[in-house]
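A.B. asks: Mind folding the following:
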Amino acid sequence: MEFINPLANNYIETYSNATPSYLRPMYEATIADHPHAHLQSNWHQGGVLCFISKLIRPLHILEIGTFTGFSTLCLAEGLQKNGILHTIELRKTDANKAAAYFDSSPHAAQIKVHNGDAKEIIPTLNITWDLIFIDADKTGYQTYYDLVLPSLNQNGLIIVDNVLFHGEVLEEKISGKSAKSIQAFNEYVLNDASTEQTILTIRDGLTLIRKK
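C.D. replies: Numbering: from 1, shown residues only. Down below sits the predicted model:
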């Protein structure tokens, strides 16, 4: 399901310039060559991530789900000079591809790639996070949320992708495994008295979450 008219989306991209232009080649290469290119954040969404990161000016960023690294480099744009972004990717091939892009980027010294299961890696990172981006397997969202919330800075922000899951959460009867997981996650966060959230209808839906 398309939530934004394609003409409107083209207009938005034309009149938005927050996405770093140097990322265009890697962005287009992923679309052209990767069999799962739909997993990449779109160009405008990358700009939104970049814009938010620049507003927060984080010292520590955690990304769960690197893919080929486009969203990572967008988030890195707002890092403080001594800031570090930790990104976790399960698939070795994608982790290696992303690492190559990072090494040739302006943020090479500020990004650490972890290859493996985020559920195992997150507990080993003894860091207070200023900004967290969750964009991995949808059935794991609730677990990731529970793992990272205690270590979120009081003034920090969690951004969660795909919370509308292609419109499947709007169906009267939700049938897909991932869509059911996303719906359960959305209800879980809504009922968490310790946080507040708002959903943005950008691409496939972004939820912004902060501690009260």
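
A.B. asks: pLDDT wise, what is residue 6 at?
C.D. replies: Looking at residue 6, its pLDDT is 83.

A.B. asks: what's the lengthiest strand in the chain packed up against?
C.D. replies: Identified as the longest strand of the chain according to DSSP state E is strand 152-161. Under the contact criterion of 3 or more Cβ pairs under 8 Å, 6 or more residues apart in numbering; DSSP states H and E, strand 152-161 touches helix 43-56, strand 129-134, helix 141-148, strand 206-211. All C-beta atoms are positioned from the backbone trio N, CA, C, and that covers glycine.

A.B. asks: the helices in the chain, which residues?
C.D. replies: 6-14, 24-33, 43-56, 70-76, 92-103, 118-121, 141-148, 177-190 (DSSP state H).

A.B. asks: Would you tell me which one of the helices and strands packed on strand 152-161 is buried the most?
C.D. replies: The highest mean neighbour count among the helices and strands packed on strand 152-161, using mean count of other Cβ atoms under 10 Å, belongs to strand 129-134: a mean of 25.

A.B. asks: partners of that one, with directions?
C.D. replies: Sheet pairing of strand 129-134 (DSSP bridges) gives strand 60-64 (parallel), strand 152-161 (parallel).

A.B. asks: got the angle for that strand vs helix 177-190?
C.D. replies: Using axes from the mean of the first three to the mean of the last three Cα atoms, to 10 degrees, the direction of strand 129-134 lies 150 degrees away from that of helix 177-190.

A.B. asks: could you give the angle of strand 129-134 to helix 43-56?
C.D. replies: Using the same axes, to 10 degrees: strand 129-134 against helix 43-56 is 170 degrees.

A.B. asks: if we can go back for a sec, quick one: closest of the helices of the chain to residue 202.
C.D. replies: Closest approach to residue 202 among the helices of the chain is made by helix 43-56 (5.7 Å; Cβ to Cβ).

A.B. asks: what stretches of this protein score poorly on pLDDT?
C.D. replies: For the chain, the stretches with pLDDT under 70 are 1-3.

A.B. asks: 80 instead, please
C.D. replies: Applying pLDDT under 80 to the chain flags the ranges 1-4.

A.B. asks: Spatially central residue in the chain, please.
C.D. replies: residue 133 (3.9 Å; Cα atoms, centre = their mean).

A.B. asks: Show me what that one bridges to in the sheet.
C.D. replies: Beta-bridge partners of residue 133, as defined by DSSP bridges: residue 63, residue 159.

A.B. asks: Distance of it relative to residue 41?
C.D. replies: 9 Å (Cβ to Cβ, to the nearest Å).
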